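K.L.:
Structure of the sequence below:
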Amino acid sequence: MGRGRQKAKQTKVARELKYRSVSTDFASLEQELRNDAGSAIPAAYADLAEAYSYDDDDEDDTSQRDEPADE
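P.N.:
Numbering: from 1, shown residues only. Okay, the predicted model is just below:
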């Protein structure tokens with residue numbers, strides 16, 4: 001596609017986005033952002049998420065293990 005055609009297509013898409021009327025469901029958006037819809041992690045991957053989750057308490061434990069022993 002040539003530059004002129006590409007720019008015309010981008011302009012067309014930009015105008016559609018700017019001028020079309022969209023009804024946004026703000027309640028659903030807020031629920032999704034707050035993660036009130038339930039667990040975002042499927043049950044099949046819950047054990048992996050728990051294994052790889054980051055916790056501040058875990059960091060403290062690993063830093064103590066990494067310190068050299070007093071000789």
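
K.L.:
in this protein, what spans have low per-residue confidence?
P.N.:
Counting by pLDDT under 70, the ranges of the chain that qualify are 1, 36-40, 55-71.

K.L.:
biggest helix in it by residues?
P.N.:
Across the chain, the longest stretch assigned as helix under DSSP state H is helix 3-19.

K.L.:
pull the CA atoms of the helix or strand that comes right after that one into PDB?
P.N.:
As assigned by DSSP states H and E, the chain's next helix or strand after helix 3-19 is helix 26-34. C-alpha atoms of helix 26-34 as PDB (Å, rounded to 0.1, in the frame of the first residue of the first chain):
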ATOM      1  CA  PHE A  26     -18.700   2.800  33.100                       C
ATOM      2  CA  ALA A  27     -20.000   0.500  35.800                       C
ATOM      3  CA  SER A  28     -18.600  -2.500  34.000                       C
ATOM      4  CA  LEU A  29     -15.300  -0.700  33.400                       C
ATOM      5  CA  GLU A  30     -15.000   0.300  37.100                       C
ATOM      6  CA  GLN A  31     -15.800  -3.300  38.100                       C
ATOM      7  CA  GLU A  32     -13.100  -4.600  35.700                       C
ATOM      8  CA  LEU A  33     -10.500  -2.100  37.000                       C
ATOM      9  CA  ARG A  34     -11.200  -2.900  40.600                       C
END
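
K.L.:
Check which helices and strands helix 26-34 sits against.
P.N.:
Packed against helix 26-34, as judged by 3 or more CB pairs under 8 Å, 6 or more residues apart in numbering; DSSP states H and E, are no other helices or strands. The C-beta positions use only the backbone N, C-alpha and C, and glycine is treated the same way.
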